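A.B. asks: Sequence and predicted model, in that order:
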Amino acid sequence: MEFLQAREIQIGIGFVVVIVTLVAFILFSSKKTKGSIDPGNFKQFKLVKRIQLSHNVAKFRFALPTPTSVLGLPIRQHVSCRY
């Protein structure tokens, strides 16, 4: 471990660690996927499936614009439907 004793090598290793940490932070924290829904704009989605659960309850399944799209709705939230 004598090669780690030189001051220049320690500074170089520290510099590399800081740069790698900053690059990883920027790459992983800046990409937020935008959802398919917008609270200010009403969008139409194709109804794929409707399952009647009881006389007054139904489960609806809608298609998103693309297969890789995400809804973007937080957990335990709801959407409003117009017909």
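C.D. replies: Nice, I can see it.
A.B. asks: what lines up beside the longest strand along the chain in the sheet?
C.D. replies: Ranked by residue count, the top strand of the chain under DSSP state E comes out as strand 47-54. Here strand 47-54 has these sheet partners by DSSP bridges: strand 57-62 (antiparallel).
A.B. asks: before we move on, the earlier item: for the longest strand of the chain, the averaged confidence score.
C.D. replies: Averaging pLDDT along strand 47-54 yields 94.
A.B. asks: Ok, stretch 10-24 next?
C.D. replies: Per-residue scores along stretch 10-24 average to 91.
A.B. asks: For that stretch, output the C-alpha coordinates as CSV.
C.D. replies: Extracted in CSV, the C-alpha atoms of stretch 10-24 (Å, rounded to 0.1, in the frame of the first residue of the first chain):
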residue,chain,number,x,y,z
GLN,A,10,-4.5,10.5,-2.8
ILE,A,11,-5.7,13.8,-4.2
GLY,A,12,-6.2,12.2,-7.6
ILE,A,13,-8.2,9.4,-6.2
GLY,A,14,-10.3,11.8,-4.2
PHE,A,15,-10.9,13.9,-7.3
VAL,A,16,-12.0,10.9,-9.3
VAL,A,17,-14.4,9.7,-6.6
VAL,A,18,-16.0,13.2,-6.4
ILE,A,19,-16.4,13.4,-10.2
VAL,A,20,-18.0,9.9,-10.4
THR,A,21,-20.4,10.7,-7.6
LEU,A,22,-21.5,14.0,-9.2
VAL,A,23,-22.0,12.4,-12.6
ALA,A,24,-24.0,9.5,-11.1
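A.B. asks: And that stretch, what's buried?
C.D. replies: Neighbour-count burial for stretch 10-24 flags no residue at all (criterion: 16 or more other CB atoms under 10 Å). For the C-beta atoms, the positions are set from N, CA and C on the backbone; glycine is no exception.
A.B. asks: On the three-state scheme, V23 is what?
C.D. replies: State at V23, reduced to three classes by DSSP: H, G, I helix; E, B strand; the rest coil: helix.
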